[in-house]
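Peer 1: This is a predicted model, with the sequence first.
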Amino acid sequence: MIFPGGLLPEDVLLSYELKMFTTAAHTYTFYTRHQSCSIISQEDDTNLKWNEKMVTRAQGFSSSHPSGIARHRRYKRHPVCHTAVKTIQCCHSLKITMLAVLCLIFCSLSSASATFVHPGLLHTSSDLARVRRHVLANEAPWNGSWVLLSQHTRNSNYVPRNTSFINRGTVGQQNYPLLYIDLAYAYTFSVSWAVTGNVSHAKAAGRILDAWSSSLQLINGTSDKYLASGIYGYAFAQSAELLRSYDGWTGLQQFQKMLLEVFYPMNKAFLDHHNGQDVYHYWANWDLCNTASMMAVGILTDNQTMFDYAYNYFLNGEGMGTLHNTLWKVYDVDDGMCQLQESGRDQGHSQLDLALLQSIAQMAFNQGRDLFSANDNLILKGAEYFSKYNLGYDVPYTPYLSVDYNQSIISQDSRGPNPRPIWTLLYQHYAVYKGLPCRWTTQFAQLGQPEGGGLDLGGGGGNYDQLGYGTLMYTLSQEDVEEYRREHPLGDVTESTITSYHAGTTAQGSASGL
């Protein structure tokens, strides 16, 4: 049955099936899902032909998935609100009933309708107070990471290399290292000021942020420009969030304006349109970095609508960088493991996925929403899978097929015990704070201690894709754990859930020691 155009009646707001038909082997159900309005448009022959084409693709694909759930879901643009509204669910011997969400509410929301915690991106005021205590006491392991960070703040007269445009991807014109090196310095200076109160470091951080916010007008290049808008947008926002409480910095509004005019439009455009490509064309990290940037900008600018969009996209969006597509195949081994979308590509990008996943989860956690726990600690399962494989052990692998990829085996490219500076947060959150079994994550995290940042690692841009210094910023002593649990009572933070989970099986982890 096709529901004609118009408002959804109340009795079908929560669950409405628009169309279904059956082939010899599969039952396919088609739904309309709204993000910005409550109107459903009339189906036409063009849409039906397009639907059947997608079903044909899904039929040939589903045999590689033991769960029987094909991974092709597609959008069409809604004629009224122009948002992505068409979702195809293909499943074997199962009809998935999705929630039809009345999102007229979102259209009328104030862009700043809620109070955000500040600072509240990767670090809160209580986090900084904890770090300050350990640094002043010169305690290990915090002091090892602090020494690494401090060597980059010795020159408080650092001169930024700002420019009016950043190019990433165009041969002969790329200049994006100017930005990622400056933002790395801005972060070290802003952290140093937040920990020590050294005003010269606050001024140095402010000078970098002001230089860029007064000059940067454009990010261009090949499609890689969307990697720049995502990775550098979320990273740059961290420094401004730390510095916003410094009375001597008057550039916050100008910096917010730059993020809103240069970075955010690109974040939104990519998540909505994926550079004109199929929604499954790009690897997970493209969606993830732009989601991270949008969430960070939303918090920094007190924009609830922006934050909610990023948060909801991460949980229930369609691109490869949503939680359920990045971590798509769960195995009931070793207390639960999950294959990553880029596991068959290479291990470097798989580790980048985890860096971005944890950053998104940490920012949401500091605003009272627990993405770390989403879908039975799915991020931890991905970390365990990656860690075990890169420690030299075998892991299960399911061939991965999608619109553009055919990965029949797990990749050994970049395999090895080479941790990026991201693992302290994963270990401390899951093993120390929540007391969950993290056998492989624990071992992998130990290899990277103490964690530095891109300025310590040097080399290419990949080493700057995460801010680092996790040993300093996230390590919890036993006393810290008790305090942290008082601030964030276990089970008290709003646990995030996925509306529908599309691949793999649910692992039932057993409680065992580390």
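Peer 2: Sure thing, it's come through.

Peer 1: Could you list the low-confidence segments of the chain?
Peer 2: Scanning the chain for pLDDT under 70 picks out 1-114, 492-495, 497-514.

Peer 1: change it to 80
Peer 2: Within the chain, the segments meeting pLDDT under 80 span 1-114, 491-514.

Peer 1: tell me the domain ranges of it?
Peer 2: 6-108, 125-495 (automatic domain parsing).

Peer 1: which of these sits most buried?
Peer 2: Ranked by average neighbour count under the criterion mean count of other Cβ atoms under 10 Å, those are headed by domain 125-495 at a mean of 20. The C-beta positions use only the backbone N, C-alpha and C, and glycine is treated the same way.

Peer 1: related to what we said a few turns ago, distance to residue 115 added to the domains of the chain, as JSON lines?
Peer 2: What follows is the domains of the chain, written out as JSON lines (distance: least, Cβ to Cβ, whole Å):
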{"stretch": "domain 6-108", "distance to residue 115": "19"}
{"stretch": "domain 125-495", "distance to residue 115": "8"}
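
Peer 1: Of all the ones you listed, which one is nearest residue 117?
Peer 2: Proximity to residue 117, assessed across those by Cβ to Cβ, is greatest for domain 125-495 (5.8 Å).

Peer 1: Would you mind saying which of the domains of the chain lies nearest residue 116?
Peer 2: Nearest to residue 116, of all the domains of the chain, is domain 125-495, at 5.3 Å by Cβ to Cβ.

Peer 1: any idea how far residue 315 is from residue 140?
Peer 2: Applying Cβ to Cβ, to the nearest Å, the value for residue 315 to residue 140 is 38 Å.

Peer 1: can you map out the helices along the stretch 101-250 of the chain?
Peer 2: Secondary structure of the stretch 101-250 of the chain (DSSP state H, counting those that start in this stretch): helices located at 104-108, 125-136, 142-150, 177-196, 199-213, 225-243.

Peer 1: Could you export these as JSON lines, including distance to residue 460?
Peer 2: Formatted as JSON lines, these follow (distance: least, Cβ to Cβ, whole Å):
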{"stretch": "helix 104-108", "distance to residue 460": "40"}
{"stretch": "helix 125-136", "distance to residue 460": "29"}
{"stretch": "helix 142-150", "distance to residue 460": "19"}
{"stretch": "helix 177-196", "distance to residue 460": "8"}
{"stretch": "helix 199-213", "distance to residue 460": "21"}
{"stretch": "helix 225-243", "distance to residue 460": "13"}
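
Peer 1: just so I know, which of those helices lies nearest residue 169?
Peer 2: Nearest of the helices of the stretch 101-250 of the chain to residue 169, taken as Cβ to Cβ: helix 225-243 at 6.2 Å.

Peer 1: which other helices and strands contact the closest one?
Peer 2: For helix 225-243, the packing partners by 3 or more Cβ pairs under 8 Å, 6 or more residues apart in numbering; DSSP states H and E come out as strand 165-168, helix 177-196, helix 199-213, strand 218-221, helix 252-258, helix 264-273, helix 284-300.

Peer 1: With distance to residue 321 as new columns, can the ones you listed be given to me in CSV?
Peer 2: Output for the helices and strands packed on helix 225-243, formatted as CSV (distance: least, Cβ to Cβ, whole Å):
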stretch, distance to residue 321
strand 165-168, 18
helix 177-196, 20
helix 199-213, 26
strand 218-221, 19
helix 252-258, 24
helix 264-273, 8
helix 284-300, 2
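
Peer 1: just so I know, which of the ones you listed lies nearest residue 323?
Peer 2: Smallest distance to residue 323 across those (Cβ to Cβ): 9.5 Å, for helix 284-300.

Peer 1: tilt between the closest one and helix 264-273?
Peer 2: If you take axes from the mean of the first three to the mean of the last three Cα atoms, to 10 degrees, helix 284-300 sits at 130 degrees to helix 264-273.

Peer 1: roughly how far is helix 284-300 from the heart of the chain?
Peer 2: How far helix 284-300 lies from its chain's middle: 6 Å, per Cα atoms, centre = their mean, to the nearest Å.

Peer 1: CA-only coordinates of the helix or strand following that helix, as PDB, when you get a sec.
Peer 2: The helix or strand immediately downstream of helix 284-300 is helix 304-316, counting by DSSP states H and E. Taking Å, rounded to 0.1, in the frame of the first residue of the first chain, the C-alpha atoms of helix 304-316 are listed here in PDB:
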ATOM      1  CA  GLN A 304      21.400  22.200  19.300                       C
ATOM      2  CA  THR A 305      20.100  21.500  15.800                       C
ATOM      3  CA  MET A 306      23.500  21.000  14.400                       C
ATOM      4  CA  PHE A 307      24.600  18.800  17.300                       C
ATOM      5  CA  ASP A 308      21.400  16.700  17.000                       C
ATOM      6  CA  TYR A 309      21.900  16.200  13.200                       C
ATOM      7  CA  ALA A 310      25.400  14.900  13.700                       C
ATOM      8  CA  TYR A 311      24.400  12.700  16.600                       C
ATOM      9  CA  ASN A 312      21.400  11.200  14.800                       C
ATOM     10  CA  TYR A 313      23.300  10.700  11.600                       C
ATOM     11  CA  PHE A 314      26.000   8.800  13.500                       C
ATOM     12  CA  LEU A 315      23.400   6.500  14.900                       C
ATOM     13  CA  ASN A 316      20.800   6.200  12.100                       C
END
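
Peer 1: what's the next secondary structure element after helix 304-316?
Peer 2: On the C-terminal side of helix 304-316, the closest following helix or strand by DSSP H and E is helix 323-326.

Peer 1: Quick one: list the elements packing against the helix or strand just after that following helix.
Peer 2: Next helix or strand after helix 323-326 toward the C-terminus (DSSP H and E): strand 327-331. When contacts are defined as 3+ Cβ pairs under 8 Å, 6+ apart, strand 327-331 sits against strand 337-340, helix 374-390.
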